[in-house]
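*Asks:* model the following, please.
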Amino acid sequence: MASAIVRCLDRPDTIGQTYELVGPKAYTLSELVRLAGRWSGNERPQIPLPEFAGRVQAMFMELLPGTPLMSRDNVDSMRVPNVATGKLPGLEALGITTTALEAVAPGYLGGECGRARLERWRARAGRG
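*Replies:* As a prediction, this is how the structure comes out:
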């Protein structure tokens with residue numbers, strides 16, 4: 001997305017245009033949670049809740065001190081699909097080739113590559 005923003009700043013023909021900045025594949029929230037858990041080495045079971053139970057849970061989370069982890073508004077927004085329409089120009093219109101999530105996210109989330117390898121160094125330096 002940062003590359004798309006930079007390209008739009010450099011190209012006057014993008015003024016007033018709307019671009020759908022999406023990757024090559026759409027995922028459900030459940031799929032994203034499962035993949036993030038797998039790639040970070042923290043797989044957890046997912047327990048689907050009926051909507052009313054999710055709303056009750058969110059209401060109680062709103063009452064906790066600090067920024068709520070979930071709100072009833074979040075539950076409402078999850079009922080609306082958040083996917084590209086395919087009717088607007090995408091990253092390709094800006095000369096950007098999309099990359100599959102599976103090709104980049106594992107490096108950010110886990111294993112001995114990407115950012116996860118830095119955790120061991122931070123811990124040794126007393127900054128973990």
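*Asks:* give me the residues contacting stretch 78-85.
*Replies:* For stretch 78-85, contacts defined as C-beta atoms under 8 Å, 6 or more residues apart in numbering pick out 20, 22, 26, 29, 51, 90. Glycine gets a C-beta too; all of them are placed from N, C-alpha and C.
*Asks:* for this protein, which segments count as helices?
*Replies:* 2-10, 29-40, 51-63, 72-78, 101-109, 116-124 (DSSP state H).
*Asks:* from the contact counts, what lies against the longest one?
*Replies:* In terms of contacts (3 or more C-beta pairs under 8 Å, 6 or more residues apart in numbering; DSSP states H and E), helix 51-63 is packed against helix 72-78.
*Asks:* for Leu49, what are its contacts?
*Replies:* By C-beta under 8 Å, 6+ apart, the contact set of Leu49 is Gln57.
*Asks:* against Phe60, how distant is it?
*Replies:* Leu49 sits 13 Å away from Phe60, taking C-beta to C-beta, to the nearest Å as the criterion.
*Asks:* same question, Tyr108
*Replies:* From Tyr108 over to Phe60 (counting by C-beta to C-beta), the distance is 31 Å.
*Asks:* out of the two, which sits in the busier spot?
*Replies:* Tyr108 (13 against 10; other C-beta atoms under 10 Å).
*Asks:* among the helices of the chain, which comes closest to Gly86?
*Replies:* helix 2-10 (16.9 Å; C-beta to C-beta).
*Asks:* put the alpha carbons of the closest one into CSV.
*Replies:* Output of helix 2-10 as CSV, limited to C-alpha atoms (Å, rounded to 0.1, in the frame of the first residue of the first chain):
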residue,chain,number,x,y,z
ALA,A,2,2.9,2.4,0.8
SER,A,3,4.2,1.9,-2.8
ALA,A,4,0.8,2.7,-4.2
ILE,A,5,0.6,5.9,-2.2
VAL,A,6,4.0,7.0,-3.3
ARG,A,7,3.1,6.3,-7.0
CYS,A,8,-0.1,8.3,-6.6
LEU,A,9,1.9,11.2,-5.2
ASP,A,10,4.2,11.1,-8.2
